[in-house]
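K.L.:
could you work out the structure for the sequence below:
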Amino acid sequence: MTIYDIAKLAGVSASTVSRVANNKPGIKEETRKQIQALLDQYDYRPNETARGLVNQSSRMIGILITDIRYAHHVDIAYYIEKEMEKQGYCSLIVNTGLSDEKKVQAIKMLSQRRVDGVILVGSTFQCDAVKDALASCFPKEPVVITNGYVNLPNVKGVLVDEKDGLEACVELMVRKGHKKLAFVLPNQTPSNLSKQKGFVAGMESLGWKREELWIYTAPTTLEDGKRVTEQILEEHPDIEGIIFGEDLSAVSGIRVLLDRKIAVPDQVAVIGVDNSRYCDICYPKLTSLNNKMVEMSFEAARILLDDLEGRKNPEKIMLFSNIVEREST
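P.N.:
Sure thing, here's the model as predicted:
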């Protein structure tokens with residue numbers, strides 16, 4: 001059923017039907033009711049593609065994430081999608097992978113789809129390749145990056161102060177009597193390197209030298225969390241606490257400690273980062289740095305909507321993390 005079919009049944013022009021379908025003024029109430037009844041009867045929906053060609057708007061936004069298996073980033077995309085849906089926008093969620101080439105390909109694809117704006121989930125998009133692709137493909141359209149930023153006039157960043165948060169994690173460990181600490185860096189993203197800086201600053205305040213610190217790198221998987229925890233225990237049997245850059249590895253680390261009959265937290269305390277759903281389903285429950293995933297998601301959606309509707313926001317907005325203490329410290 002097209003707009004022309006409805007118009008023929010109602011005995012009016014197609015433009016009159018269009019005005020009713022789009023809730024425009026200037027139509028007699030009796031005519032409006034007659035047309036609306038037909039629209040409801042035949043479940044008529046405006047053609048969004050055609051409407052977009054007229055309004056120069058697709059009512060679609062792109063959300064890029066690097067790995068849809070990573071629950072934290074998927075949750076961020078979920079909250080953003082739900083917020084945008086409330087405002088009548090459809091979200092195209094794309095899994096890019098970690099390589100710069102794939103990220104650039106995804107940005108080009110969104111440009112071809114003529115999305116109205118883009119949200120990039122995670123600081124891994126804070127790189128020169130992405131910056132160049134955005135400048136080329138989206139020179140004017142609004143772009144928001146969660147926990148990251150690139151210096152372009154149409155880009156906004158929602159950041160979280162994870163450096164100070166990691167310093168606070170070190171302080172918590174020390175207050176609980178755990179001074180010999182290791183840090184596990186998930187990968188070399190700006191966000192994770194900021195966490196590492198916080199760990200280093202916290203340990204240096206205790207008198208440790210940078211070259212003496214126990215810093216390890218392991219991808220965010222259960223298998224790698226197990227492997228790196230076993231390595232730490234082998235190389236530093238006197239370890240008193242481990243701070244993992246993300247929760248999933250921390251959960252795996254706790255399993256290794258318990259399997260070795262090492263009491264958590266009495267002998268070795270454990271802290272993660274993300275305050276994810278994993279924290280409450282592992283045993284003992286995981287203490288974690290809350291990097292404001294929900295708040296960051298809503299802020300990213302709000303800023304994009306503001307930009308789409310002509311409202312201004314600062315280039316960067318900073319959220320402040322806090323520790324959620326549970327049973328592992």
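
K.L.:
going forward, measure contacts between C-alpha atoms and count neighbours the same way
P.N.:
Noted.

K.L.:
doesn't Ile242 lie inside a strand?
P.N.:
Yes. Membership of Ile242 in a strand is supported by DSSP: H, G, I helix; E, B strand; the rest coil.

K.L.:
tally of neighbours for it?
P.N.:
Ile242: 26 surrounding residues under other CA atoms under 10 Å.

K.L.:
what does Lys102 give?
P.N.:
15.

K.L.:
what's the closest non-adjacent residue to Ser288?
P.N.:
Gly272 (4.5 Å; CA to CA, 6 or more residues apart in numbering).

K.L.:
which residues does the one you found contact?
P.N.:
Contact analysis of Gly272 by CA atoms under 8 Å, 6 or more residues apart in numbering lists Ile243, Phe244, Gly245, Glu246, Asp247, Leu248, Ser249, Ala250, Leu286, Thr287, Ser288, Leu289.

K.L.:
over to Asp161?
P.N.:
Going by CA under 8 Å, 6+ apart, Asp161 touches Asn291, Met318, Leu319, Phe320, Ser321.

K.L.:
ranking these by neighbours, who comes first?
P.N.:
Asn291 (23 neighbours).

K.L.:
Leu289: helix or strand, and which one exactly?
P.N.:
For Leu289, the host element (DSSP states H and E) is strand 287-290.

K.L.:
what average pLDDT does that strand get?
P.N.:
Confidence for strand 287-290, expressed as mean pLDDT, is 98.

K.L.:
would you put the C-alpha positions of that strand in CSV?
P.N.:
Provided in CSV are the C-alpha atoms of strand 287-290 (Å, rounded to 0.1, in the frame of the first residue of the first chain):
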residue,chain,number,x,y,z
THR,A,287,36.5,-5.7,43.4
SER,A,288,36.6,-3.5,40.3
LEU,A,289,37.2,0.0,39.1
ASN,A,290,33.9,1.4,37.8
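
K.L.:
and after it, which helix or strand comes next?
P.N.:
helix 293-308.

K.L.:
helix, strand, or coil at the nearest residue to Lys131 once chain neighbours are set aside?
P.N.:
Leaving aside its sequence neighbours, Lys131 sits nearest to Val150 (CA to CA, 6+ apart; 6.3 Å). Classification of Val150 by three-state DSSP places it in coil.

K.L.:
same thing with Lys179?
P.N.:
Under three-state DSSP, Lys179 comes out as coil.

K.L.:
try the one 3 residues further on
P.N.:
The three-state label given to Ala182 by three-state DSSP is strand.

K.L.:
how close does the residue nearest to Lys131 sit to Met109?
P.N.:
As judged by CA to CA, to the nearest Å, Val150 and Met109 stand 20 Å apart.

K.L.:
ok, now Asp280?
P.N.:
According to CA to CA, Asp280 and Met109 sit 38 Å apart.

K.L.:
over to Gln36?
P.N.:
Gln36 is 38 Å from Met109, by CA to CA.

K.L.:
then Glu81?
P.N.:
Glu81 sits 19 Å away from Met109, going by CA to CA.

K.L.:
who's more crowded, these two?
P.N.:
Set Glu81 next to Met109 and count neighbours by other CA under 10 Å: Glu81 wins out with 22 against 15.

K.L.:
so the more buried one touches Ser91, yeah?
P.N.:
Yes. With contacts counted by CA atoms under 8 Å, Glu81 reaches Ser91, the gap being 5.9 Å.

K.L.:
number of nearby residues for Asn22?
P.N.:
Counted with other CA under 10 Å, the burial measure for Asn22 works out to 10 neighbours.

K.L.:
and it, what pLDDT?
P.N.:
Looking at Asn22, its pLDDT is 75.

K.L.:
for it, give me its contacts.
P.N.:
For Asn22, the contact set (CA under 8 Å, 6+ apart) is empty.

K.L.:
can you tell me how far it is from Thr31?
P.N.:
Between Asn22 and Thr31 the distance is 14 Å, computed by CA to CA.

K.L.:
looking at the protein, which residue lies furthest from center?
P.N.:
No residue in the chain sits farther from the centre than Gly11, which is 50.6 Å out by CA atoms, centre = their mean.

K.L.:
torsion angles phi and psi at it?
P.N.:
The phi/psi pair for Gly11 (degrees, to the nearest 10) reads phi 70, psi 30.

K.L.:
before we move on, what about Pro25?
P.N.:
The phi/psi pair for Pro25 (degrees, to the nearest 10) is phi -80, psi 180.
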